[in-house]
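Asks: let's see this in three dimensions:
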Amino acid sequence: MSDLGYTTRLQPVLVGATPRPVLLAVFRLRDGAAVGLQLQDHEELRRGGVYWLAEDDPEVPTRAPRFDELFADLAAKLRERPSLRADYLPLFPRALEAAQACRPDLTPEALARIAGLQAEAAALDPGDLPGAFSLEAQLLISLLIFVSEEERYPRPRYKGGAVALERLFQAVGDPD
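Replies: Numbering: from 1, shown residues only. Down below sits the predicted model:
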């Protein structure tokens, strides 16, 4: 692990039934899981893909989480612990700002900003909430999706990651 909170490596990514090695920036989570951001195009996989690693193992194939599974997981956590809304949900607009800072280049400084928000989310996570993703994972996956959306749907013609943020708040409600 670098001092910036991520490493880069080739990671098998599931494409259909066949895993393929793809270059990722891998952010390790405190629970032993990890989240990866695809750093370059690889065949039909465009850079900016976001991948969930239930365990941080460079040999285990990873997959891209779906928006609906992320949003349902987060909604369940907020129902379980409504007191988290006030401190946790405001991190998501900040995550969008951090994602916007990744254009035009995904620099080490931008990745360090991502790692800083990851640490803030980890500090809020009590570790006993329902669902597959920790609060740390939820924020980091969302932030990296925002990075991807900013790359794929650039402003001013498109809204970048703002559409994903809007969808998240539609699913779980706006921050209090």
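Asks: centre of the chain versus the host helix or strand of residue 110, how much separation?
Replies: Taking DSSP states H and E as the criterion, residue 110 maps to helix 108-124. Taking C-alpha atoms, centre = their mean, to the nearest Å, the mean C-alpha location of helix 108-124 is offset from the chain mean by 11 Å.
Asks: just want the most central residue of this structure.
Replies: residue 141 (1.5 Å; C-alpha atoms, centre = their mean).
Asks: contacting residues for the nearest residue to it once chain neighbours are set aside?
Replies: Nearest residue to residue 141, sequence neighbours excluded (C-beta to C-beta, 6 or more residues apart in numbering): residue 35, at 5.4 Å. For every residue, glycine as well, the C-beta is placed using N, CA and C. Counting by C-beta atoms under 8 Å, 6 or more residues apart in numbering, residue 35 touches 26-27, 29, 50-53, 137, 140-141, 144.
Asks: name the element the residue nearest to residue 42 when sequence neighbours are not counted belongs to?
Replies: In space, and not counting its chain neighbours, residue 42 is closest to residue 22: 4.8 Å by C-beta to C-beta, 6+ apart. Here residue 22 sits within strand 18-28, counting by DSSP H and E.
Asks: poorly predicted segments of the protein, please.
Replies: Where the chain drops to pLDDT under 70, the residues are 1-4, 176.
Asks: where exactly do the helices run in it?
Replies: 67-80, 85-88, 91-100, 108-124, 135-152, 162-172 (DSSP state H).
Asks: quick one: furthest residue from the center of this structure?
Replies: Distance to centre of the chain, C-alpha atoms, centre = their mean, peaks at residue 157 (23.7 Å).
Asks: dump the residue contacts of it.
Replies: No contacts exist for residue 157 under C-beta under 8 Å, 6+ apart.
Asks: please apply the same query to residue 5.
Replies: Residue 5 neighbours (C-beta under 8 Å, 6+ apart): 27-28, 111-112, 114-115, 118-119.
Asks: now do residue 59
Replies: residue 12.
Asks: ok, it to residue 119 distance?
Replies: 27 Å (C-beta to C-beta, to the nearest Å).
Asks: with residue 65 instead?
Replies: The value you get for residue 65 to residue 119, if C-beta to C-beta is used, is 21 Å.
Asks: now do residue 20
Replies: 31 Å.
Asks: now for the residue nearest to the centre of the chain: which residues touch it?
Replies: Here residue 141 is in contact with 35, 50, 52, 65, 70, 133 (C-beta under 8 Å, 6+ apart).
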